[in-house]
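Peer 1: Sharing a model that was predicted from the sequence below.
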Amino acid sequence: MAHAHDHAAHDHHDDHGPAKGWRRWVFATNHKDIGTLYLLFSLVMFFVGGAMAMVIRAELFQPGMQLVDPMFFNQMTTMHALIMIFGAVMPAFVGLANWMIPLMVGAPDMALPRMNNFSFWILPFAFSLLLGTLLTSGGGPAGGWTMYPPLVQQMGHGFPMLIFAVHLAGASSIMGAINVIVTIMNMRAPGMSLLKMPIFVWTWLITAYLLIAVMPVLAGAVTMLLTDHYFGTTFFEAAGGGDPVMFQHIFWFFGHPEVYIMILPAFGIVSEIIPTFSRKPLFGYDAMVYATASIAFLSFIVWAHHMFTVGMPLAGQMFFMLATMLIAVPTGVKVFNWTATMFKGSLSFEPPMLFALSFLFLFTLGGFSGLMLAIVPADFQYHDTYFVVAHFHYVLVPGAVFSIMAAAYYWLPKWTGHMYNMTLAKWHFWLSTIFVNVLFFPQHFLGLAGMPRRIPDYSTQFADWNMVSSIGGFGFGLSQLLFAYLIFATVRGGEKATDKVWDSGRPHGLEWTLSSPPPYHSFEVAPEVK
Amino acid sequence: MKIVKHAAAGLLAGAAFLPTGAALAAWEVNLPVGVTELSREIHGLHMLIFWICVLIAAAVFGAMIYSIVKFRHSQGAVPANFDHSTKAEIIWTAIPVLILVGMAIPAAATLVKIEDTRDSDLSIKVTGYQWKWHYEYLGQDVKFFSTLARKSDAARQVGSGIDPYTVENYLLEVDQPLVVPVGAKVRVLLTAADVIHAWWVPAFGMKKDAIPGFVNELWFRADTPGTYRGQCAELCGRDHGFMPVVVEVKSKEEYESWLADRKGGSKPASAPAPEAAAPAEQTENAEPATATAAE
């Protein structure tokens, strides 16, 4: 694996620190500053989207409509998804990429620092537009984050704001992805061949290609919605010879790779953390890389499993069922490899490892329900029920979000130079892990018992598990305040972290050869990797 | 107080008592077995995959838990240094492939049956509207709208003050249910007038989208008389949660007499025959069938 020879040679040149005041952030070109901006933005969006989830769970706490109008409820479910996906999870991964990829490949910065600045600063505008729809007549988008026509066309005056917000977020993602690819392909330290790269870098490289491939598809689809709305085209209107189902095909051609955009970097993070705290090298590094690439490839040919009920030819259903089931193979390889990494290791359970282990168990659980959903006849029962809600929240919350938290706990001492309060972090872990299961596990039962998703009220037979789920939701939401507190407390101060941070003797990779916190400009002279 | 009582019930998840008599299937945790051959096959598939997943989970989680417990640094575990094993990797690639093939074969067989809509005894065209269903018995000159029952509709208004537990079949009752004969192969042709809806009755095992401008089809053959309830399953706007599907499966004779009555008195869809619905819902039957969902 990568090992640095010489890194301390940054004193040869007239080192300038960050600009003072707001200029440091608005004109930021330093990958560390931009990474911080992305991560903080993502944290803010996590709480905004989380607040919406609290509205949803409060209304669903018991049967009957107590708090909000059904229309506002639909706006909350739609906005919650859009904000969590495009505002919280994706920017968090881009933030981690910004911070870690240059440190991990031994580059002085991202390849395209000004575009980096641009790609971040688009986001506040994109999400101001998106949140601004709530203030327009007709309110925010209420047709689901999937924006299916014809329903989405019933949106009020916020409609173009929704479309442009998606365009902007997509443009930001594409620029971020270009930056990642160019950095990885051109700026690796001498000696770091592709198959010597840290696995997090690999997963991000593949994710970046997925982003470039599919974000333009989404942009095209929503642009067609826009022209259908304002310029008389009928791409998705049957009355004019169009096809509403075509939108779904195009959307999910974007949407399924998007799912992996939100989980491949998570795989990378977990693959960094488990070896560190198992004090043992990652099992099957090459297999992990190939499995990631296989998953990425398969993600392009399984999209229609999101829409088995639209009425597809038998052959189409068979193909998409088999292709989807096939994804279980490389994903299984990953889970087995992580397990084999821990086997005969020497495990300790610091907060990053705890979150990684929770990821390992609960993501696998989400994988099982995913496999069940792939079986078309069974999917006819599961489709659009809470079973699906439970499935994708298991892969997204204890999956993607827990991996981001694991990454924060893993690298925060490196970024800030301070250790955080271990006891509080463990409290955060246990509260999150317990409540996330109280929140989402009963949703499997609700879906199987027949509760459709996206409904603001339900028959009394669903009351009990909904109440349990809501209690879990409130508990999970409140627990996250602890996370925010820990981050701010650690940024402000704390026990000094060592360069290696983790005394397991194992954290390998160039980032651990730097001081904690790393100098503002690191690796100005490329380290050599054997 | 009701809220407190339910909160207590919620906190005691797993405790086996029902919070109210109105709860039909409180604490239900699994897919119910339906009343059609397809739904039973689907249930069988569901249980098969479920148990396969449980077995895999037992093995995988077992290995993880074993590693976590056995190889603890705090207990002085010394790490090994291996980082790959081609043999192991081939094994855990090949075995899942075999398991998947084992799952795919029965799934494909059921799927072929699901898609075989030939030789139906009766065809009903179902049209989704925001937010009600329209049923048309093809070739029978019988058609009517089916809308959320009035009691549920009153109770579900924001701040209505009506306790949902006092409403029988809250949100799962309609003014005029679909009526079909037992044992007949019913072909359902689905379309929609405005946005996409999805017609779903869990007991029949089938769900399909109703898409404006297109006609989808599904079939079911219910083998037990009774009333079966479902809901719209595709987000269709404000009152998506308030357009239930209710199907009454009746004996052949009862169905025929129902159909004859409907033909006699159903020309204006707004004047439904009283026999059209369950006796328990007399008051709601008086409601004009064309009544739209409250805006």
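Peer 2: Structure received. Numbering: from 1, shown residues only, chains lettered A, B, ... in the order given.
Peer 1: Show me which residues of the stretch 151-300 of chain A sit near chain B.
Peer 2: Residues of the stretch 151-300 of chain A that fall close to chain B, judged by CB under 8 Å from any CB of the partner chain: A:151, A:154, A:237-239, A:243-245, A:278-287. Just so you know, the C-beta spots here come from the backbone N, C-alpha and C atoms, and that holds for glycine as well.
Peer 1: switch to 10 Å and redo it
Peer 2: By CB under 10 Å from any CB of the partner chain, the residues of the stretch 151-300 of chain A that approach chain B are A:151-154, A:236-245, A:248, A:275, A:277-288, A:290-291.
Peer 1: In the stretch 151-300 of chain A, mark out all the helices, start to finish.
Peer 2: Per DSSP state H, counting those that start in this stretch, the stretch 151-300 of chain A carries helices over the ranges A:159-186, A:199-230, A:244-261, A:264-278, A:285-298.
Peer 1: The second one packs against which elements?
Peer 2: Using 3 or more CB pairs under 10 Å, 6 or more residues apart in numbering or on different chains; DSSP states H and E as the contact test, the elements touching helix A:199-230 are helix A:90-105, helix A:159-186, helix A:244-261, helix A:264-278, helix A:285-298.
Peer 1: hmm, back to that, any chance of the helices of the stretch 151-300 of chain A in a markdown table, plus mean pLDDT?
Peer 2: Supplementary listing: the helices of the stretch 151-300 of chain A in a markdown table, determined by pLDDT from 0 to 100:
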| stretch | mean pLDDT |
| --- | --- |
| helix A:159-186 | 97 |
| helix A:199-230 | 97 |
| helix A:244-261 | 97 |
| helix A:264-278 | 96 |
| helix A:285-298 | 96 |
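Peer 1: Among the residues of the stretch 151-300 of chain A next to chain B, the buried ones, what's the PyMOL command?
Peer 2: Those of those that meet the burial criterion (16 or more other CB atoms under 10 Å in any protein chain shown) are gathered into one PyMOL selection, given here:
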select buried, chain A and resi 151+152+153+154+236+237+238+242+243+244+245+248+275+277+278+279+280+281+282+283+284+285+287+288+291
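Peer 1: hang on, isn't A:Ile181 packed against A:Ala111?
Peer 2: Yes: with contact taken as CB atoms under 10 Å, A:Ile181 and A:Ala111 are classed as touching, separated by 8.7 Å.
Peer 1: Okay, now the unreliable bits of the chain?
Peer 2: Answering for chain A, as no chain was given. Within chain A, the segments meeting pLDDT under 70 span A:1-16, A:505-507.
Peer 1: My question was about chain B, not that one.
Peer 2: Across chain B, the stretches falling below the confidence threshold (pLDDT under 70) are B:1-25, B:265-295.
Peer 1: all strands of it, in order?
Peer 2: With DSSP state E, the ranges of strands along chain B come out as B:122-129, B:132-137, B:142-146, B:178-181, B:186-192, B:197-201, B:206-210, B:216-220, B:226-231, B:244-250.
Peer 1: quick one: strands adjacent to the first one?
Peer 2: Paired neighbours of strand B:122-129 in the sheet (DSSP bridges): strand B:132-137 (antiparallel), strand B:186-192 (parallel).
Peer 1: want to throw the ones you listed into CSV with mean neighbour count?
Peer 2: Converted to CSV, the strands paired with strand B:122-129 look like this (neighbours: other CB atoms under 10 Å in any protein chain shown):
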stretch, mean neighbour count
strand B:132-137, 21
strand B:186-192, 22
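Peer 1: ok, residue 57 - contacts?
Peer 2: Going with chain A. The neighbourhood of A:Arg57, defined by CB atoms under 10 Å, 6 or more residues apart in numbering or on different chains, consists of A:Leu439, A:Asn466, A:Met467, A:Ser469, A:Ser470, A:Ile471, A:Gly472, A:Gly473, A:Phe474, A:Phe476, A:Gly477.
Peer 1: Please refer instead to chain B.
Peer 2: Contacts for B:Ala57 were tallied using CB under 10 Å, 6+ apart; they are A:Phe361, A:Thr364, A:Leu365, A:Gly367, A:Phe368.
Peer 1: Please tell me how far it sits from A:Ala406.
Peer 2: Computed with CB to CB, to the nearest Å, the distance linking B:Ala57 and A:Ala406 is 22 Å.
Peer 1: Could you say which helix or strand holds A:Asp357?
Peer 2: Residue A:357: Leu, not Asp. Under DSSP states H and E, the secondary-structure element containing A:Leu357 is helix A:351-374.
Peer 1: helices and strands around that helix, which ones?
Peer 2: The helices and strands touching helix A:351-374, judged by 3+ CB pairs under 10 Å, 6+ apart, are helix A:264-278, helix A:314-342, helix A:376-382, helix A:386-395, helix A:402-416, helix A:422-449, helix B:37-70, helix B:86-114.
Peer 1: Quick one, which of the ones you listed gets closest to B:Arg238.
Peer 2: Across these, the minimum distance to B:Arg238, taken as CB to CB, is reached by helix A:386-395, at 19.8 Å.
Peer 1: mind checking the end-to-end distance for stretch B:162-176?
Peer 2: In terms of CA to CA, to the nearest Å, the two terminal residues of stretch B:162-176 are separated by 23 Å.
Peer 1: typo on my end, it should be stretch A:378-396
Peer 2: Length of stretch A:378-396, first residue to last, CA to CA: 22 Å.
Peer 1: and the stretch 1-150 of chain A, which residues reach chain B?
Peer 2: Going by CB under 10 Å from any CB, the residues of the stretch 1-150 of chain A near chain B are A:1, A:59, A:61-74, A:77-78, A:142-144, A:146, A:148-150.
Peer 1: Whatever residue of chain A ends up closest to chain B and B:Val215, how far apart?
Peer 2: Ranking the residues of chain A by distance to chain B (CB to the nearest CB) places A:Ala238 first, at 2.0 Å. The spacing between A:Ala238 and B:Val215, counted by CB to CB, is 11 Å.
Peer 1: Now list whatever residues contact both of the two.
Peer 2: Counting by CB under 10 Å, 6+ apart, the shared contacts of A:Ala238 and B:Val215 are B:Thr191.
Peer 1: Leaving out chain neighbours, which residue sits closest to A:Gly268?
Peer 2: A:Thr203 (3.2 Å; CB to CB, 6 or more residues apart in numbering or on different chains).
Peer 1: so who does the one you found touch?
Peer 2: A:93, A:97, A:197, A:260, A:263-272, A:288-289, A:292-293, A:295-296.
Peer 1: now the one helix or strand A:Arg24 maps to, how far from the centre of its chain.
Peer 2: Here A:Arg24, judged by DSSP H and E, is contained in helix A:23-26. In terms of CA atoms, centre = their mean, to the nearest Å, the centre of helix A:23-26 is found 26 Å from the chain centre.
Peer 1: do stretch A:34-44 as well
Peer 2: Averaging C-alpha coordinates over stretch A:34-44 and over its chain gives two centres that are 13 Å apart (CA atoms, centre = their mean).
Peer 1: then it to PDB, C-alphas only?
Peer 2: Once side chains and other backbone atoms are set aside, the C-alpha atoms of stretch A:34-44 remain, and they are given as PDB (Å, rounded to 0.1, in the frame of the first residue of the first chain):
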ATOM      1  CA  ILE A  34     -14.000  24.000  -0.100                       C
ATOM      2  CA  GLY A  35     -14.300  20.500   1.500                       C
ATOM      3  CA  THR A  36     -15.300  22.200   4.700                       C
ATOM      4  CA  LEU A  37     -17.800  24.400   2.900                       C
ATOM      5  CA  TYR A  38     -19.400  21.300   1.300                       C
ATOM      6  CA  LEU A  39     -19.500  19.400   4.600                       C
ATOM      7  CA  LEU A  40     -21.100  22.300   6.500                       C
ATOM      8  CA  PHE A  41     -23.600  22.900   3.800                       C
ATOM      9  CA  SER A  42     -24.500  19.200   3.800                       C
ATOM     10  CA  LEU A  43     -24.900  19.300   7.600                       C
ATOM     11  CA  VAL A  44     -27.200  22.300   7.400                       C
END
